[in-house]
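J.: Structure for the following, please:
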Amino acid sequence: MDNYIRIIDANLNRVSEGIRVLEDIFRFEYENTTITQELRYLRHCVRNSAGIITPDLLKNRQVDMDPGVKISAETKEDKRLNKMDLIHANFKRVQEGIRSIEEVLKTIDKYDIAKQYESLRFKSYTLEKKSFNSLVNSKKKRKQNFPETDIYCLTDEELSCGRSNITVVEEMIKAGIKIIQYREKEKPLNEKYYECMKIRELTQANGVKFIVNDHVDLALMTKADGVHIGQTDYPVEAVRKLTGDDFIIGLSTHAPEEAIKAQEACVDYIGVGPIYSTQTKKDVCAPVGYSYLEFIVKNISIPFVAIGGIKEHNLDEIIKRGASCVGIVSEITGAENIGIKIQNIRNKIKEYKKYV
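T.: Okay, the predicted model is just below:
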């Protein structure tokens, strides 16, 4: 039994498995043809360059004698927090494994082949950077879809003091609102369709982003700018494949793990809440309070909208904790004068931002 061959065999498996994980992620998750092809080429080079034939590798393989098997089974250090962590870990597995092969080859009089592996290791460093840059650039592109704004308005005809959604949206637009979500839970679909068609006409004419709540089909049919979905709606990945990169996808989140997952799924923005108790939704969860908001401000880089029970009188605690955009429903839709209410809220947001 040649223990050096055992080291090479173990690391060839380790490196190939790591590349295969990366290959599958970029093939199926991100559908990135270029990086998938480069990973595939790297995997074949690693397998075919050792100068040791498969029978020799198999002859010296002794899994039952390997103490690493038991150590690996008992460790908990290989947990993955998210997709980026998974990608990072497997690139490191690849690079460390290649280095081990490279060093062992030098000791068994295969120096020229060792230098080939050195070259493959450097290729893996370049490919790692290229892979992460492709993900960052993709996130930046989607981030630009969400407008920089302070107030995210939502419709709710039951809380609009007898006014129609169309009238309320017209007042919101006159007051300078830059993004409006159509949220109506109980109306028939055909009525929602005609309302959304009119709102799309109004928002498009005034450069306002138009988001439809829940219904991806309705958003696409009415040529909205995006859709906002919840944790129990269609998966973000499926919605993205259907709508494309230029379509805004917002996702409601209520806990840190949901926010981290949303960021890795490349949504354009997340809803953070409900901060306070709210009556504008029947299926709402318990208030998340300030601690979740503070987690978002410190740990999440994509845009977010603080939402849930936010009123003019409690804005200070939200803004002072780092929120730059707030979602408000009844405080605006139910205001006697929507324009004045929006201006008052904006003035207070500007005032409270001085303390951030």
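J.: residues in contact with Arg27?
T.: Arg27 makes contact with Thr36, according to C-beta atoms under 8 Å, 6 or more residues apart in numbering. C-beta: built from backbone N, CA, C; applies to glycine.
J.: That one belongs to a helix, doesn't it?
T.: Yes - counting by DSSP: H, G, I helix; E, B strand; the rest coil, Arg27 falls inside a helix.
J.: And it, what's its pLDDT?
T.: Per-residue pLDDT puts Arg27 at 93.
J.: likewise Glu77?
T.: For Glu77, pLDDT reads 59.
J.: Quick one: low-confidence residue ranges for the stretch 101-250 of the chain.
T.: For the stretch 101-250 of the chain, the stretches flagged by pLDDT under 70 are 138-144.
J.: what about the strands in it?
T.: 151-154, 179-182, 209-213, 226-229, 248-253 (DSSP state E, counting those that start in this stretch).
J.: Wait, Tyr125 touches Gln95, no?
T.: Yes - using C-beta atoms under 8 Å, Tyr125 and Gln95 qualify as a contacting pair, with a distance of 6.9 Å.
J.: more neighbours, these two?
T.: Under the criterion of other C-beta atoms under 10 Å, the comparison of Tyr125 against Gln95 puts Gln95 first, with 18 against 12.
J.: correct me, but that one touches Thr126?
T.: No - at 11.3 Å, Gln95 and Thr126 do not qualify as touching, with contact defined as C-beta under 8 Å.
J.: count of neighbours near Leu39?
T.: Other residues within reach of Leu39, judged by other C-beta under 10 Å, total 25.
J.: Flag every buried residue along the one helix or strand it maps to.
T.: Here Leu39, judged by DSSP states H and E, is contained in helix 33-48. Residues of helix 33-48 classed as buried: Ile35, Thr36, Glu38, Leu39, Leu42, Arg43, Val46 (neighbour count, 16 or more other C-beta atoms under 10 Å).
J.: ok, and what's touching it?
T.: The contact list for helix 33-48, computed with C-beta under 8 Å, 6+ apart, reads 12, 15-16, 19-20, 22-23, 26-27, 94, 98, 117, 120, 123-124, 127, 130-131, 134.
J.: Let's see that with 10 Å instead.
T.: Residues outside helix 33-48 that contact it (C-beta atoms under 10 Å, 6 or more residues apart in numbering) are 11-13, 15-28, 30, 32, 54, 94, 97-98, 101, 116-117, 119-121, 123-124, 126-127, 130-131, 134-135.
J.: which among these end up buried?
T.: Neighbour counting by 16+ other C-beta under 10 Å classes 11-12, 15-16, 18-19, 21-23, 25-27, 30, 32, 94, 97-98, 101, 116-117, 120-121, 124, 127, 131, 135 among these as buried.
J.: and stretch 194-214, C-alpha only, in PDB?
T.: Extracted as PDB, the C-alpha positions of stretch 194-214 are listed here (Å, rounded to 0.1, in the frame of the first residue of the first chain):
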ATOM      1  CA  TYR A 194     -59.000  46.600 -14.400                       C
ATOM      2  CA  GLU A 195     -57.900  48.600 -11.400                       C
ATOM      3  CA  CYS A 196     -54.300  47.500 -12.000                       C
ATOM      4  CA  MET A 197     -54.500  48.500 -15.600                       C
ATOM      5  CA  LYS A 198     -55.600  52.000 -14.700                       C
ATOM      6  CA  ILE A 199     -53.000  52.300 -11.900                       C
ATOM      7  CA  ARG A 200     -50.300  51.100 -14.400                       C
ATOM      8  CA  GLU A 201     -51.400  53.800 -16.800                       C
ATOM      9  CA  LEU A 202     -51.100  56.500 -14.000                       C
ATOM     10  CA  THR A 203     -47.800  55.300 -12.600                       C
ATOM     11  CA  GLN A 204     -46.200  54.900 -15.900                       C
ATOM     12  CA  ALA A 205     -47.100  58.400 -17.000                       C
ATOM     13  CA  ASN A 206     -45.600  59.800 -13.900                       C
ATOM     14  CA  GLY A 207     -42.400  57.700 -13.500                       C
ATOM     15  CA  VAL A 208     -43.700  55.800 -10.500                       C
ATOM     16  CA  LYS A 209     -42.800  52.200  -9.800                       C
ATOM     17  CA  PHE A 210     -45.900  49.900  -9.600                       C
ATOM     18  CA  ILE A 211     -45.900  46.700  -7.600                       C
ATOM     19  CA  VAL A 212     -48.600  44.100  -7.400                       C
ATOM     20  CA  ASN A 213     -49.100  42.100  -4.200                       C
ATOM     21  CA  ASP A 214     -49.100  38.300  -4.300                       C
END
